[in-house]
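Q: test case, fold it:
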Amino acid sequence: MLLNVLLLLTAYLLGSIPSGLWIGQAFFKINIREHGSGNTGTTNTFRILGPKAGTLVFLIDFFKGTLATLLPILLHAQGISPIVFGLVAVLGHTFPVFAQFKGGKAVATSAGMLMGFAPAFCFYLILVFTLCLYLTSMVSMSSVVAAGAAILGALLFPTIPFLLTNYDLLFTVIIVFLGIFVIIRHKENIQRIVKKEENLVPFGLNLTRQIKKK
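A: The predicted structure follows:
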């Protein structure tokens with residue numbers, strides 16, 4: 001019991017590492033919260049600090065979700081599903097104790113959690129995200145679509161079966177929760193998409209005809 005409590009706390013602290021904020025302050029003397037969208041996650045880091053910093057932030061945010069999920073397996077803890085530890089890391093990423101509980105939008109760390117618990121399902125969502133990114137040129141739209149695909153996949157795939165061979169109630173509940181959570185976290189992005197004002201990446205088809213900012 002004590003080991004699980006310590007590992008859950010460790011998972012939260014791992015998730016709470018505000019990589020974008022710390023990298024911006026340490027190497028660029030920039031508080032990323034004061035620029036762009038004000039978010040500390042991967043997309044705003046790419047936009048403000050550049051691709052090298054953005055890639056590093058993505059990798060850190062992704063693998064802290066994976067590591068948190070694997071903690072109980074690596075340390076032979078029993079009684080709590082590894083996905084719960086991953087979920088705690090995602091909540092830490094979103095509400096980080098090291099950054100006044102104002103964190104990212106949960107996408108990269110959620111993906112990392114899935115890589116540690118259900119890698120085939122994770123690769124399916126990466127494919128959905130990548131295809132949508134090419135078609136729309138929007139990270140936000142791709143994140144929302146991938147979140148929706150995660151919900152549908154968790155509910156429908158075990159009936160086929162495809163990627164998920166059977167229903168795991170806890171897994172299904174967590175994926176549905178996180179999918180809805182990610183969509184809600186992108187509420188402002190969705191509003192900009194409707195207005196044709198969302199930020200674009202410099203590639204892809206921009207099928208929704210967002211107005212490119214000069």
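
Q: pLDDT of whichever strand or helix holds M115, averaged?
A: Of the helices and strands defined by DSSP states H and E, M115 is found in helix 107-117. Averaging the model's pLDDT scores along helix 107-117 yields 98.

Q: contacting residues for the nearest residue to F98 once chain neighbours are set aside?
A: Counting by Cβ to Cβ, 6 or more residues apart in numbering, F98 lies nearest to S16, which is 5.0 Å off, once chain neighbours are set aside. For the C-beta atoms, the positions are set from N, CA and C on the backbone; glycine is no exception. Taking Cβ atoms under 8 Å, 6 or more residues apart in numbering as the definition of contact, the neighbours of S16 are 92-93, 95-99, 103.

Q: rewinding a little: so which residues make contact with whichever helix or strand comes after the helix holding M115?
A: Downstream of helix 107-117, the first helix or strand assigned by DSSP H and E is helix 119-136. The list of residues contacting helix 119-136 from outside it, by Cβ under 8 Å, 6+ apart, reads 111, 114-115, 139, 141-143, 145-146, 149-150, 153-154, 157, 163-164, 201, 203-208.

Q: which among those count as buried?
A: Buried members of the contacts of helix 119-136, counted by 16 or more other Cβ atoms under 10 Å: 111, 114-115, 139, 141-143, 145-146, 149-150, 153-154, 157, 163-164, 201, 206.

Q: so which of those belong to helices?
A: Within the buried ones among the contacts of helix 119-136, residues falling in helices by DSSP state H are 111, 114-115, 139, 141-143, 145-146, 149-150, 153-154.

Q: ok so, going back, narrow the contacts of S16 to just the buried residues.
A: The neighbour count (16+ other Cβ under 10 Å) marks 92-93, 95-96, 99, 103 as buried among those.

Q: return the distance of the residue nearest to F203 when sequence neighbours are not counted relative to F177.
A: Beyond its immediate neighbours in the sequence, the residue positioned closest to F203 (Cβ to Cβ, 6+ apart) is S137, lying 6.7 Å away. Per Cβ to Cβ, to the nearest Å, S137 is found 29 Å from F177.
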